[in-house]
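K.L.:
Sequence and computational prediction follow.
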Amino acid sequence: MGADPFLAFVNPEYAADIHIEKGWKPKVGQPLPQVPGVFIGKRFGAGALAMNTIFDLVDERGKTVGQALKVCKQTIAARRSLAHEWKIFNNLGLLGEEHPAVRSHFLQAHRVLKLENDNIGGIVMEKANGTNVVKTLKREGFCNVRYVIALLRDMLVALDVAQRVLGFAHYDLKLDNIMEHWSCADNPEEAKRRVLLDAVPQFKLFDFGTAVIYPDPFSVKDVPDARHLTQTEDQRPEAAEQLKRERRYGNSGKPGVVTHSADESQFEYSEPYFCVRIYHMYWHRRGDVFRVLKALCRLLDDITWPSEDIELVSLLLTSVLGSRKALKGVTAQQLLAEPVIQALLRKLE
């Protein structure tokens with residue numbers, strides 16, 4: 001019996017760079033280099049501007065191993081973009097070691113494919129078992145208010161830690177970039193049925209191509225810490241641990257530039273391209289939280305809700321989503337500290 005494919009991604013003994021030869025191209029059915037028992041499955045997606053191609057990774061029986069392979073075109077723009085995203089993945093991965101909310105609600109990347117000239121060729125990342133939330137919210141007959149509240153909870157708790165500790169800003173956090181993660185992913189119809197029966201999945205944020213790490217993490221010192229509502233594990237670290245973390249991540253320089261020590265650094269990248277910086281400027285004063293709330297308002301507007309959920313729906317639409325215009329630039333920590341949000345999240349307990 002071959003090696004467990006899952007170990008190839010979670011065991012540090014296996015978590016080394018995957019070296020590929022120049023001109024290597026992924027093909028369906030081809031073994032993934034240097035990873036025993038894992039093969040390239042069907043293509044199921046492409047990145048922005050078609051600079052990347054995404055393949056499922058499967059075992060010998062053709063069953064998914066819960067990972068995906070993202071391969072970039074060998075152009076300067078594509079390599080630079082994927083190297084940037086790998087840096088973001090790497091920092092979120094480090095943060096996730098200490099904060100379960102980040103590990104659970106941000107898609108994780110585990111290994112990187114390197115060419116002979118040390119250019120990036122691709123990354124192996126976690127595969128969410130489900131669809132993006134837009135498809136669910138637009139599905140005929142959808143009226144699961146607890147699904148929407150759980151979505152807000154998972155997003156806010158994950159962003160809260162990433163913003164405060166890491167200085168993370170997604171800058172493209174539309175609902176298309178939030179995925180469901182179901183335990184019954186082998187049966188898509190069962191997942192749909194569970195949504196209609198008020199079940200909720202786990203939610204994961206992904207697509208960090210335009211994300212940045214700011215040198216100075218967001219900090220809101222005059223509001224209470226409300227994380228205890230949903231994640232008791234994520235307690236505020238002691239001062240010594242905070243200093244240790246800052247030295248570990250070593251964030252400095254311009255927004256979007258993550259500086260590591262020499263032994264951690266694999267790829268160099270500089271400021272985002274001009275068009276990306278313009279995109280950042282537009283969303284800078286609005287923020288990730290505001291963008292998600294605005295999109296939710298638009299999608300939930302025409303839903304007919306069950307009469308027994310009138311209290312939850314009223315609390316959600318009137319108090320939270322209805323006040324979105326006053327939330328431009330608000331951080332997740334600020335929103336979690338609002339009494340109305342605390343009351344809403346307690347309804348899920």
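P.N.:
In hand now; what should we look at?
K.L.:
where exactly do the helices run in the protein?
P.N.:
Chain-ordered helices for the chain, with DSSP state H as the definition, fall at 7-10, 76-96, 100-105, 133-137, 145-161, 188-196, 239-249, 274-284, 287-300, 310-314, 332-336, 339-346.
K.L.:
Neighbours of Lys63, how many?
P.N.:
Here the number of neighbours of Lys63 (other C-beta atoms under 10 Å) works out to 12. C-beta coordinates here come from the backbone N, C-alpha and C atoms, glycine included.
K.L.:
mean pLDDT for the helices of the chain: which is lowest?
P.N.:
Ranked by mean pLDDT, those end with helix 239-249 at the bottom, a mean of 42.
K.L.:
got the contact list for Arg79?
P.N.:
Contact partners of Arg79, counting by C-beta atoms under 8 Å, 6 or more residues apart in numbering, are 72, 119-120.
K.L.:
nearest to Met155, of those residues?
P.N.:
Distances from Met155 to those, taken as C-beta to C-beta, are shortest for Cys72 (27.4 Å).
K.L.:
My read is that the closest one contacts Leu82, right?
P.N.:
Yes. Under the criterion of C-beta atoms under 8 Å, Cys72 lies in contact with Leu82, with a separation of 4.2 Å.
K.L.:
Give me the common contacts of those two.
P.N.:
With contacts taken as C-beta under 8 Å, 6+ apart, the residues that reach both Cys72 and Leu82 are 51-52, 120, 122.
K.L.:
Just send these back as JSON lines, with pLDDT, distance to Arg153 and neighbour count too.
P.N.:
Below are those laid out as JSON lines (pLDDT from 0 to 100; distance: C-beta to C-beta, whole Å; neighbours: other C-beta atoms under 10 Å):
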{"residue": "Met51", "pLDDT": "83", "distance to Arg153": "33", "neighbour count": "17"}
{"residue": "Asn52", "pLDDT": "90", "distance to Arg153": "30", "neighbour count": "20"}
{"residue": "Ile120", "pLDDT": "88", "distance to Arg153": "34", "neighbour count": "25"}
{"residue": "Gly122", "pLDDT": "92", "distance to Arg153": "33", "neighbour count": "24"}
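K.L.:
Could you single out the nearest of those to Lys135?
P.N.:
Of all the shared contacts of Cys72 and Leu82, the one sitting nearest Lys135 is Asn52; the distance, using C-beta to C-beta, is 21.1 Å.
K.L.:
What's opposite the closest one in the beta bridge?
P.N.:
Applying DSSP bridges to Asn52 gives these bridge partners: Cys72.
K.L.:
residue contacts, it?
P.N.:
Applying C-beta under 8 Å, 6+ apart, one finds that Asn52 lies in contact with 46, 70-73, 78, 81-82, 122.
K.L.:
For Ala337, see how far away Tyr171 is.
P.N.:
23 Å (C-beta to C-beta, to the nearest Å).
K.L.:
Could you find the closest non-adjacent residue to Val102?
P.N.:
Nearest-residue entry for Val102: Gly96, 4.2 Å, with adjacent residues in sequence omitted and distances by C-beta to C-beta, 6 or more residues apart in numbering.
K.L.:
so that neighbour makes contact with Arg103?
P.N.:
Yes. Shown here, Gly96 and Arg103 form a contact pair, counting by C-beta under 8 Å, at 3.4 Å.
K.L.:
These two: which is more packed in?
P.N.:
Neighbours were counted for Gly96 and for Arg103 using other C-beta under 10 Å; Gly96 has more, 19 against 15.
K.L.:
From Asn90, how far out is the more buried one?
P.N.:
Going from Gly96 to Asn90 by C-beta to C-beta gives 11 Å.
K.L.:
Also Ala150?
P.N.:
In this view, Ala150 and Asn90 are 28 Å apart by C-beta to C-beta.
K.L.:
hmm, back to that, neighbour count winner among Cys72 and Leu82?
P.N.:
Leu82 (28 against 23).
K.L.:
what residues are up against that one?
P.N.:
Counting by C-beta under 8 Å, 6+ apart, Leu82 touches 51-52, 70, 72, 120, 122-123.
K.L.:
And His19, by the same measure?
P.N.:
33-34, 113-116.
K.L.:
Would you agree Glu116 is in contact with Asp17?
P.N.:
No. Counting by C-beta under 8 Å, Glu116 sits too far from Asp17 to count as a contact (11.9 Å).
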